[in-house]
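Below are the sequence and a predicted model; questions follow.
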Amino acid sequence: MARALAEAGVEAVFSYAGRTHQPVPQPLPVRVGGFGGAAGLARWLRAEGISHVIDATHPFAAQMSRNAVEACARTATPLIGLERPPWQAGPGDDWRPVADPAAAVAALPEAPARVFLAIGKQGLAAFAARPQHHYLLRLVDPPAEPLPLPQASVVIARGPFDAAADTALLRAHAITHVVAKNAGGSGAAAKLTAARTLGLPVILIDRPVLPPRAVAATVAEVMAWLGHAGTPRGV
């Protein structure tokens with residue numbers, strides 16, 4: 001999305017939450033950090049003269065998306081969400097959808113298992129309720145603090161990942177269960193293909209429910225939306 005905006009000459013600002021230590025460079029001016037809730041974002045939109053907002057946050061960054069909806073409503077700023085479609089199960093998949101991380105914890109077996117906990121570093125504490133399991137974590141950055149899980153292995157890696165490597169990873173760690181968020185997209189789908197190949201169950205956490213908003217599935221759709229609306233400045 002950032003590359004398309006830059007190539008089109010749209011004046012835009014790329015906003016990061018700041019949770020990743022070395023984010024991928026972007027071809028746009030970058031700001032890092034929170035806004036101070038919906039009210040703070042509304043003040044920033046007014047102060048910067050922002051005419052349109054593209055919410056391209058992760059599908060599970062629900063609070064930021066909710067803040068964007070509220071802030072844009074307060075400021076009468078057009079908003080569109082760039083949202084990749086969720087993954088859909090196919091032949092050979094053993095997916096067990098759950099509503100939230102707490103339900104994912106409950107869906108794990110009582111007997112000790114080896115779990116690929118592919119949910120990032122947010123929300124790990126909930127799985128401390130099942131300390132009998134060994135958890136494999138794949139993180140972008142090394143953990144800055146002790147993990148809340150008594151039995152855990154950490155792999156530091158940045159996607160996109162491929163199915164062959166993920167299959168080898170799950171085999172090497174003797175994984176019996178996969179827990180993931182239904183983020184969609186191709187960059188993190190390899191673990192699902194690997195689970196299918198190995199016949200492993202996948203406990204898949206559903207996306208959080210967001211307020212109504214315009215949504216696009218592709219960068220081209222967002223650019224068409226901007227072109228029809230006319231935008232001297234976006235974020």
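Yep, it's here. Worth saying up front: this structure is predicted, and the values here are computed from it rather than measured. Numbers count the residues shown, from 1 in each chain.

Assign a three-state SS to residue 179, would you?
Under DSSP: H, G, I helix; E, B strand; the rest coil, residue 179 falls in the strand class.

How many neighbouring residues does it have?
By the criterion of other C-beta atoms under 10 Å, residue 179 has 24 neighbours. Where you see a C-beta, it was placed from the backbone N, CA and C, and this is true even at glycine.

Residue ranges of each domain in the protein, please.
Listed by the TED database, the domain ranges of the chain are 1-84+209-230, 95-205.

would CSV of those domains with mean pLDDT be doable?
Converted to CSV, these look like this (pLDDT from 0 to 100):
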stretch, mean pLDDT
domain 1-84+209-230, 91
domain 95-205, 94
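
ok, which stretches of this structure are strands?
With strands called from DSSP state E, the chain shows them at 11-12, 14-16, 30-32, 53-55, 79-82, 95-98, 114-118, 134-139, 152-156, 177-181, 202-205, 214-216, 233-234.

Report the strands that pair with the second one, each with its relative direction.
Looking at strand 14-16 with DSSP bridges, its paired strands and their directions are strand 30-32 (parallel).

quick check: longest helix of the protein.
Looking across the chain with DSSP state H, the single longest helix is helix 62-75.

from the chain's centre, how far out does that one sit?
Distance, stretch centre to chain centre, for helix 62-75: 18 Å (C-alpha atoms, centre = their mean, to the nearest Å).

Leaving out sequence neighbours, find the closest residue to residue 99.
Once flanking residues are discounted, residue 99 sits nearest to residue 206: 5.5 Å by C-beta to C-beta, 6 or more residues apart in numbering.

Please report the distance of residue 88 from residue 39.
For residue 88, the distance to residue 39 equals 38 Å [C-beta to C-beta, to the nearest Å].

likewise residue 128?
Residue 128 sits 34 Å away from residue 39, going by C-beta to C-beta.

same check, this time on residue 189
Distance, residue 189 to residue 39, by C-beta to C-beta: 37 Å.

One more: residue 73?
Applying C-beta to C-beta, the value for residue 73 to residue 39 is 12 Å.

likewise residue 226?
Per C-beta to C-beta, residue 226 is found 26 Å from residue 39.

what about these two, which has more around it?
Taking other C-beta under 10 Å, residue 226 and residue 39 do not tie; residue 226 has more neighbours (21 against 13).

how far away is the more buried one from residue 124?
Residue 226 sits 38 Å away from residue 124, going by C-beta to C-beta.

which residues of this protein fall in helices?
Ranges of helices within the chain are 2-7, 37-48, 62-75, 101-107, 163-172, 190-198, 219-229, based on DSSP H.

Now render those as JSON lines, adding distance to residue 144.
Compiled in JSON lines, those are given as follows (distance: least, C-beta to C-beta, whole Å):
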{"stretch": "helix 2-7", "distance to residue 144": "27"}
{"stretch": "helix 37-48", "distance to residue 144": "25"}
{"stretch": "helix 62-75", "distance to residue 144": "21"}
{"stretch": "helix 101-107", "distance to residue 144": "21"}
{"stretch": "helix 163-172", "distance to residue 144": "23"}
{"stretch": "helix 190-198", "distance to residue 144": "24"}
{"stretch": "helix 219-229", "distance to residue 144": "33"}
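
In this structure, which residue is most central in space?
The centre of the chain sits closest to residue 58, judged by C-alpha atoms, centre = their mean, with a distance of 3.4 Å.
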